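Trainee: Next one to model:
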Amino acid sequence: MLLWTKAFHIVFIASWFAGLFYLPRIFVNLAMETDKAATARLLLMARKLYRFSIMLSIPAVLLGLALVLGWREMFQGGWLHAKVALVVLAIGYNHACGSILKKFEKGVNTRSHTWYRWFNEVPVVLLIAIVILVVVKPF
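Mentor: As a prediction, this is how the structure comes out:
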């Protein structure tokens, strides 16, 4: 059962982070777009991707909790606390994307496409740090 739980946890994490990687990329395009039809199409894509990424984050987090609670002896140490902190940041990032999407929908975005390009790097850093913590368990 442990291996099945781990496998599905990894699948949902990978899927969730795919959304976190691509949604800010849509924001880059929205920040540059001037055509109303193209903007409407990008907003539709962003709304659907945001909802999908939220739905994927729920089983990812629940399966992670199941791993920690069900197999405590395997999942303990400082690395786990750091990983949980980074997952909380990823959840916050996901919700920040939702706030940004609402601003685009209202037409009140004030940030440049360059800002969104940098914002797009946050989930990459989070994922790298999380994977290193889980695999290497440095502390």
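Trainee: what's around residue 9, how many residues?
Mentor: 19 (other CB atoms under 10 Å). Every residue, glycine included, has its C-beta placed from N, CA and C.
Trainee: what's the closest non-adjacent residue to it?
Mentor: Distances taken as CB to CB, 6 or more residues apart in numbering put residue 63 closest to residue 9, at 3.9 Å, once the chain neighbours are dropped.
Trainee: number of nearby residues for the one you found?
Mentor: 20.
Trainee: Ok, residue 105 next?
Mentor: So residue 105, with other CB under 10 Å, has 13 neighbours.
Trainee: correct me, but it touches residue 43?
Mentor: Yes: Residue 105 is in contact with residue 43 according to CB atoms under 8 Å; the separation is 6.1 Å.
Trainee: Spit out the residues that contact the two alike.
Mentor: By CB atoms under 8 Å, 6 or more residues apart in numbering, residue 105 and residue 43 have no common neighbours.
Trainee: Of all the helix elements in this protein, which one is longest?
Mentor: Under DSSP state H, the helix in the chain containing the largest number of residues is helix 36-70.
Trainee: phi, psi of residue 35?
Mentor: Dihedral pair for residue 35: phi -80, psi 130, per degrees, to the nearest 10.
Trainee: what does residue 75 give?
Mentor: Dihedral angles (degrees, to the nearest 10) for residue 75: phi -120, psi 80.
Trainee: which element is the spatially most central residue of the chain on?
Mentor: Among the residues of the chain, the one closest to the centroid is residue 20, at 3.8 Å (CA atoms, centre = their mean). Element membership of residue 20 [criterion: DSSP states H and E] is helix 2-32.
Trainee: Run through the neighbouring helices and strands of that helix.
Mentor: helix 36-70, helix 78-106, helix 113-119, helix 122-136 (3 or more CB pairs under 8 Å, 6 or more residues apart in numbering; DSSP states H and E).
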